[in-house]
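Asker: what's the 3D shape of this:
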Amino acid sequence: MYFKQFLREDLGCASYLVGDTDAGECVVVDPQWDVSDYLRVAADKGLRITHAIETHNHADHVSGHGKLAQAGAQVAIHEEAGVEYPHLSLKDGDTVHVGVVSIKVLHTPGHRPEHIALSISDTSRADEPWLVLTGDSLFVGDVARPDLAVEAEEGAALLYRALQDRLLSLGDGVEVYPAHVSGSLCGRSMSAKGSSTIGFERQYNGALKVRDQDSFVGSLMGELPPQPPHFKRIVERNRGPFYTEELVVRALSVEEVDMLRRDGAIVLDTRSSEAFGGGHIPGALNVDMHKDQFPTRASWVLPPDKDVVLVLPSDDDLGRVVSSMAAVGQTVVKGYLLGGMATWDSSGRHIESVRQLPVAELHERIEAGSNPYTVLDVREPSEWREGHIEGAINIPFHQLASHIDEVPSNKPVATVCGAGNRSSIAASILKREGFEPVNIAGGMDAWKGAGYEVKL
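Answerer: Reported below is the predicted structural model:
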């Protein structure tokens, strides 16, 4: 048996290639939009990809199953998925054979009604499962969110039974490989580690320690992460006819970018918060391409009906950014500013800035009773409750545009998050709305690291 995990850290996604090198066949499970790595590895190992198996209709990324189908694979998904493309319909107990590899379907609804896990055996060694691909049911240190397809309480109850009856019935030594790691919004507090075992999760996964269904449902409902607005659009794309069209982004001159933004296009500046703060195109939104959840955060703040123009740290970063945007269904990117901010600057056009405020200066002003800022904490409420700057107000960055009237306008706003990245997004939103924000450099990490007091 040949087995390989592929991690995409910007989305917190994991996918898998499982095959038999003697038989020359393999399957890909939960393929990402960019399928080049699967094709390359399969070719290197002399394997033909026979199937692309989906554990469910994904909400956080556009699947590459259509491109794998073009390359000759048959797409397989549970019979309740309601998909519009040609596929192998799977049900509980079905088995897909790839040489000596046996892939058994375990119906595990909860995250979505059609969700399955895949119990995998290398029958040249034993009929018992060696590992299980748990999709979005069981993560390392967490379990799935239950609110992406059905009423959340119903989903939580279904998930409890699926975990207890199907996954936790497997032996303690069975290896666990989920479809997501830390950085995904399909769970709450999953680990960055890409694998575990049934036994370790049984003993140390806090969600699995809840032994009765009512308590499990209550605990799962208590801290559901926010659901990005593009999730529903991605589900429908993944459920619909095969989608294989690549996003083509052309180079734009300064004049073209200026014309597009004046016609209503959104400028997405993908540089760091420091670079953005030092100088950016007026009205630009800032989401750092090098930070976790870049494509998800970008989709959260970009209006779905607006064209997008990119500003990159370097023209060489185009491929990575375009791949990330395409992976979350962002197909309205018109182009990128050739030469980046240097060409805009040299054209003599207006540039705006956002000051990066050191935590020491903010603390000194607060201690002296002369704080000139409204401190806006843009983290999630769960983070806020773990400790925040006294006197701050809390509006998560992705809710800011729709709650802009709740931000006091009588004095400048200082935005703060964990490390200074989400707060830079928020500062760019405020700047676009006519505020004069500053971004607290280093965020709460720097504040706590300096030993300054937090309010619980």
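
Asker: now for the strand or helix carrying Ala275, which elements pack on it?
Answerer: Per DSSP states H and E: Ala275 is located in helix 273-278. On a contact count with 3 or more CB pairs under 8 Å, 6 or more residues apart in numbering; DSSP states H and E, helix 273-278 meets strand 355-357, helix 422-432. For the C-beta atoms, the positions are set from N, CA and C on the backbone; glycine is no exception.

Asker: neighbouring contacts of it?
Answerer: Under the criterion CB atoms under 8 Å, 6 or more residues apart in numbering, residues 269, 284, 286, 288, 313, 341, 353-356, 420-421, 423-424, 427-428, 439, 441 lie in contact with helix 273-278.

Asker: if we can go back for a sec, do you know which of the helices and strands packed on helix 273-278 lies nearest Arg211?
Answerer: helix 422-432 (36.3 Å; CB to CB).

Asker: For the closest one, which helices and strands make contact with it?
Answerer: helix 273-278, strand 285-286, helix 294-301, strand 413-416, strand 438-440.

Asker: And the first one, how far out from the chain middle?
Answerer: So that's helix 273-278. 24 Å (CA atoms, centre = their mean, to the nearest Å).

Asker: Renumber starting at 57 from here on
Answerer: In the new count, where the first residue is 57, that last one comes out as helix 329-334.

Asker: Dump it to CSV, restricted to CA.
Answerer: The C-alpha trace of helix 329-334 is given here as CSV (Å, rounded to 0.1, in the frame of the first residue of the first chain):
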residue,chain,number,x,y,z
SER,A,329,0.3,44.9,7.6
GLU,A,330,3.5,46.8,7.9
ALA,A,331,3.9,47.3,4.2
PHE,A,332,0.2,48.1,3.8
GLY,A,333,0.4,50.6,6.7
GLY,A,334,3.4,52.3,5.1
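
Asker: Give the buried residues for it.
Answerer: For helix 329-334, burial by neighbour count (16 or more other CB atoms under 10 Å) applies to Ser329, Ala331, Phe332, Gly333.

Asker: Make TSV out of the helices and strands packed on helix 329-334 and add mean pLDDT and mean neighbour count.
Answerer: Shown next, in TSV, are those (pLDDT from 0 to 100; neighbours: other CB atoms under 10 Å):
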stretch	mean pLDDT	mean neighbour count
strand 411-413	96	19
helix 478-488	96	27
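
Asker: just so I know, which of these lies nearest Phe59?
Answerer: helix 478-488 (35.9 Å).

Asker: pLDDT score for Glu279?
Answerer: We have a pLDDT of 69 for Glu279.

Asker: between the buried residues of helix 329-334, which is closest to Thr253?
Answerer: Nearest to Thr253, judged by CB to CB, of those is Ser329 at 39.2 Å.

Asker: distance of the closest residue to the closest one other than its chain neighbours from Leu341?
Answerer: In space, and not counting its chain neighbours, Ser329 is closest to Ser480: 3.4 Å by CB to CB, 6 or more residues apart in numbering. Using CB to CB, to the nearest Å, we find Ser480 at a distance of 10 Å from Leu341.

Asker: list residues touching both of those two?
Answerer: Common neighbours of Ser480 and Leu341 (CB under 8 Å, 6+ apart) do not exist.

Asker: Leu456 and Ser484 touch, don't they?
Answerer: No - the criterion here is CB atoms under 8 Å, and Leu456 misses it with Ser484 at 10.1 Å.

Asker: of all the helices and strands packed on helix 478-488, which lies closest to Ala218?
Answerer: helix 350-357 (25.7 Å).

Asker: right, and the helix or strand after the closest one?
Answerer: Note on helix 350-357: by DSSP H and E, the next helix or strand toward the C-terminus is strand 364-367.

Asker: how about the very next helix or strand once past that following strand: buried residues?
Answerer: Downstream of strand 364-367, the first helix or strand assigned by DSSP H and E is helix 374-383. Within helix 374-383, the residues that count as buried by 16+ other CB under 10 Å are Leu374, Val377, Val378, Ser379, Ser380, Met381, Ala382, Ala383.

Asker: Next, work out how far apart the last one and Asp66 are.
Answerer: Taking CB to CB as the criterion, Ala383 is separated from Asp66 by 8 Å.

Asker: hey, what's in contact with both of the two?
Answerer: Shared contacts of Ala383 and Asp66, counting by CB under 8 Å, 6+ apart, come down to Pro351.

Asker: In the stretch 57-206 of the chain, what residue spans correspond to helices?
Answerer: 92-100, 121-126 (DSSP state H, counting those that start in this stretch).

Asker: ok, and which of those helices has the densest surroundings?
Answerer: helix 121-126 (a mean of 22; mean count of other CB atoms under 10 Å).

Asker: returning to that earlier point: nearest to Pro142, out of the helices of the stretch 57-206 of the chain?
Answerer: Closest to Pro142 of the helices of the stretch 57-206 of the chain is helix 121-126 (CB to CB; 7.8 Å).

Asker: Remind me what that closest one packs against, helices and strands.
Answerer: Contacts defined by 3+ CB pairs under 8 Å, 6+ apart place helix 121-126 against strand 104-109, strand 130-134.

Asker: Is it possible to get TSV of those strands that adds mean neighbour count and distance to Ser193?
Answerer: Listed next are these as TSV, based on neighbours: other CB atoms under 10 Å; distance: least, CB to CB, whole Å:
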stretch	mean neighbour count	distance to Ser193
strand 104-109	23	15
strand 130-134	23	12
